[in-house]
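# Model the structure of this input:
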Amino acid sequence: MTSSPEHDVQALDDVRVRYLVTRSALRAAKAMTEPGLRPEKRLETLMECHGALLAARGPGSPLSFGQFRRALKDDLAVLLPDGVTPLDLKGTRVVDQDGRVPEDAFDLDLEQQMLLRMLHKSDGAAAVISDREFQAELDQETVFTLLRKQGEQAVYEAGRTDLIRRPAGPVHELAELRLPPLVVDFYRDIPYDSAYRGWWFPCPICRWPMRITVRNNAGTTVGAARCWHAPHAEMGASYLFSVPADAGAPRLLPEPEPVRPTGREAVLYPDLGEVPAALPTEGHKALTRGIWRYTTIPGLPELALHDKLAARGLKVSLWPGLDAFDLLVEVGPKQGRKTSFKVDIKDYTSARTLAELIHAQEGDRGGADWLVVPDHHGGHVPLLSGVCAKYDMRVATASEFGEMVCEKAGVSWA
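This is a model prediction of the structure:
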């Protein structure tokens, strides 16, 4: 049985089973929904995934191939064997009502990979999942190692800032970034699922290629471009387009923009700017998904919080000590004792997975005393607060933290 995040770390076997079930279901869902896939290849992939799922469930939990296919459109938790607590898998679907694999399902897969790898490290156990399956985290570890290699804080800051602000773009411009050559190699061709007839669209918030889907609606073919990071799509990075009659570039039409927040949350809320224009896939590249998701995405609130606090006169440092933690904020008189806030910023879709990672690391290994989450994850704060309290860490949303330190400094946040 699995213990809750408020107590001990989950049993490694339970984490592994949840990961394997999620991975099998996600791969099968992609095969079911991918247009143009040959029927025999689709069936072959589904059968492989069914076999992997049965191996994860064990001999005491049989599931027919037909039941497996039907369950892919249902709650992901029904695929787990008895005795394994579903946690965030409960209520999660790998195929949505539009017949697409939802963005959050990819996040859960990556986050479970990270947790499983961390538990293997802390237990000293031999890996039961191949390095290939951990590629997203391995890519990120390699990039950070390469950036730290020169041992210069300014070089590290410049390189990591480039990864956050320029996750995709023309090859000739990416070659000019302040990155070691081996890090530049992590920019790859525009992903297949983000391209349409040789064109792609950058998200107006994170600048990574948006997801492209095309579907028939009452005899009319309609395209949609939506950021792979669900919170960005919900902030307005979601568009429609008509399929051009010729080979020309599609033009995006914005969907109704959500209401902007007011008060303290308005400070960090992104501006979408102009509707993104189509860019050719040829001659353009984008960061691998893992680096984008766990460097670029959390890096946006890191830079935003740094910039807003610095603009208000606070002393704030980015990634001090070659990334011991994310922000060091110092409040107090120019002469005299200052109050320091050591901040780690995390953007995880699953609060429970993040809680388990904090348990596995026994807090923050870099010495952070504050865990800050983006405003759109405000609902995660109660759970994370209970966990972090055991390791003398406090938890807040980015806007709550910004307002709090500004108040201590005697300046206005909003």
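# In the stretch 251-400 of the chain, mark out all the strands, start to finish.
Assigned by DSSP state E, counting those that start in this stretch, the strands in the stretch 251-400 of the chain fall at 252-254, 279-280, 284-287, 315-318, 327-331, 339-345, 370-373, 394-397.
# Asp162: which of these is closest?
Minimum separation from Asp162 across these (C-beta to C-beta) falls at strand 284-287, 10.4 Å. Glycine gets a C-beta too; all of them are placed from N, C-alpha and C.
# need the contact list for Val143.
163, 183, 186, 291, 295 (C-beta atoms under 8 Å, 6 or more residues apart in numbering).
# Let's see which of those end up in helices.
Here DSSP state H is the test, and the contacts of Val143 give 163, 183, 291 as lying in helices.
# Hmm, the second one is touching Leu147, no?
Yes: proximity of Val183 to Leu147 meets the contact threshold set by C-beta atoms under 8 Å, at 6.7 Å.
# joint contacts of those two?
Jointly contacting Val183 and Leu147 under the rule C-beta under 8 Å, 6+ apart are Gly159.
# Count the neighbours of the nearest residue to Asp75 once chain neighbours are set aside for me.
Leaving aside its sequence neighbours, Asp75 sits nearest to Gly91 (C-beta to C-beta, 6 or more residues apart in numbering; 6.2 Å). For Gly91, the neighbour count with other C-beta atoms under 10 Å is 9.
# Also the one 5 residues further on?
By other C-beta under 10 Å, the residues close to Asp96 number 15.
# before we move on, the earlier item: and of the strands of the stretch 251-400 of the chain, who's closest to Cys49?
strand 284-287 (26.9 Å).
# what packs against that closest one?
strand 168-170, helix 171-174, strand 187-189 (3 or more C-beta pairs under 8 Å, 6 or more residues apart in numbering; DSSP states H and E).
# Can you give me the buried ones in the first one?
Okay, so that is strand 168-170. Residues 168-169 are the ones in strand 168-170 that count as buried (16 or more other C-beta atoms under 10 Å).
# Touching, Ser385 and Val395? I think so.
Yes: with contact defined as C-beta under 8 Å, Ser385 reaches Val395; the gap is 4.5 Å.
# Just want to know which of the two has more residues nearby.
Val395 (22 against 14).
# Check what pLDDT the more buried one gets.
Note on Val395: pLDDT of 97.
# so who does it touch?
By C-beta under 8 Å, 6+ apart, Val395 lies in contact with 370-373, 381, 384-385, 388.
# how does it look with 7 Å?
371, 381, 384-385, 388 (C-beta atoms under 7 Å, 6 or more residues apart in numbering).
# so which of these is the most crowded?
In these, the most neighbours by other C-beta under 10 Å go to Leu371, 26 neighbours.
# Excluding chain neighbours, give the residue nearest to that residue in space.
Nearest-residue entry for Leu371: Val395, 4.8 Å, with adjacent residues in sequence omitted and distances by C-beta to C-beta, 6+ apart.
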